[in-house]
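1. coordinates only, no sequence provided:
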């Protein structure tokens with residue numbers, strides 16, 4: 001949509017679906033933030049691990065409004081092996097779409113249920129679909145405020161939440177055994193218990209689509225009792241005059 005109110009007027013940010021809601025806090029659209037700091041950031045980070053320590057899932061997504069960037073990572077680790085898929089895209093024209101290639105973040109029920117997804121992809125032989133469900137209310141950390149001389153160096157707000165997770169993980173076409181199967185794959189970890197952590201915090205830079213893979217000599221696979229054990233989620237936002245980002249997400 002054209003964001004020019006009238007010829008010669010000050011422009012307004014692009015109108016998006018969130019602007020229908022009654023929760024604006026600045027004189028602009030929800031496509032914009034109330035700071036010109038390029039390091040303004042919102043980020044979510046989550047992890048889940050097997051009870052026996054044989055398998056761990058990691059997920060993160062960052063939104064950098066004043067840089068017009070959204071990036072993410074999704075991966076697993078088992079033993080000494082780590083497999084990661086990373087992706088990045090331009091934020092416009094869909095700033096609230098939390099999808100980057102095969103990586104997806106979905107708020108199913110605010111502060112109750114969130115979903116972390118890595119679709120099957122051509123980059124790495126891993127995929128997962130994990131639903132986090134809260135068990136305790138989300139709690140804020142103390143605000144981080146660092147001042148140096150005349151400058152506010154960092155302004156950061158972050159919250160954490162712990163709960164359980166269910167879903168499936170697939171590695172090289174293989175999934176740990178469980179009562180349910182996914183297609184012809186051996187089985188999934190649906191219904192397993194987990195802890196998750198979600199963090200919105202600054203990320204120093206963004207990466208082009210790509211991935212990293214580090215493999216150990218052991219090459220162990222997750223065992224049949226490798227059930228998801230725990231997920232902690234935390235969210236934060238920050239602003240600063242350095243490479244940190246904003247004061248509080250809208």
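-> That came in fine, so what should we check first? Here the structure is a predicted model, which is why all the values come from computation and not from measurement.
2. any stretches of this structure with poor pLDDT?
-> Low-confidence segments of the chain, defined by pLDDT under 70, span residues 1-9, 176-250.
3. residue 119 and residue 128 touch, don't they?
-> No - using C-beta atoms under 8 Å, residue 119 makes no contact with residue 128, being 9.2 Å away. Every C-beta, even on glycine, is put in place using the N, C-alpha and C of the backbone.
4. quick check on those two: which one has the bigger neighbour count.
-> residue 128 (24 against 14; other C-beta atoms under 10 Å).
5. residue contacts, the more buried one?
-> By C-beta atoms under 8 Å, 6 or more residues apart in numbering, the residues touching residue 128 are 57, 74, 76, 116-118, 167-170.
6. check these against residue 16 and report the nearest one.
-> residue 117 (22.6 Å; C-beta to C-beta).
7. pull out the buried positions in the lengthiest strand in the chain.
-> As assigned by DSSP state E, the longest strand anywhere in the chain is strand 151-171. Within strand 151-171, the residues scored as buried using 16 or more other C-beta atoms under 10 Å are 152, 154-171.
8. what's the span of stretch 29-44, first residue to last?
-> Chord length of stretch 29-44, first to last residue, is 22 Å (C-alpha to C-alpha, to the nearest Å).
9. what's the span of stretch 56-74, first residue to last?
-> Start-to-end, stretch 56-74 (C-alpha to C-alpha) is 11 Å.
10. list the buried residues of that stretch.
-> 56-67, 69-74.
11. how close does residue 138 sit to residue 160?
-> Distance, residue 138 to residue 160, by C-beta to C-beta, to the nearest Å: 7 Å.
12. rewinding a little: any shared contact partners between residue 119 and residue 128?
-> Joint contacts of residue 119 and residue 128 (C-beta under 8 Å, 6+ apart) do not exist.
13. so residue 133 sits right up against residue 112, yeah?
-> Yes - Residue 133 is in contact with residue 112 according to C-beta under 8 Å; the separation is 7.0 Å.
14. burial count for residue 107?
-> Using other C-beta under 10 Å: residue 107 sits among 12 other residues.
15. how about it, what does it touch?
-> Counting by C-beta under 8 Å, 6+ apart, residue 107 has contacts 113-115.
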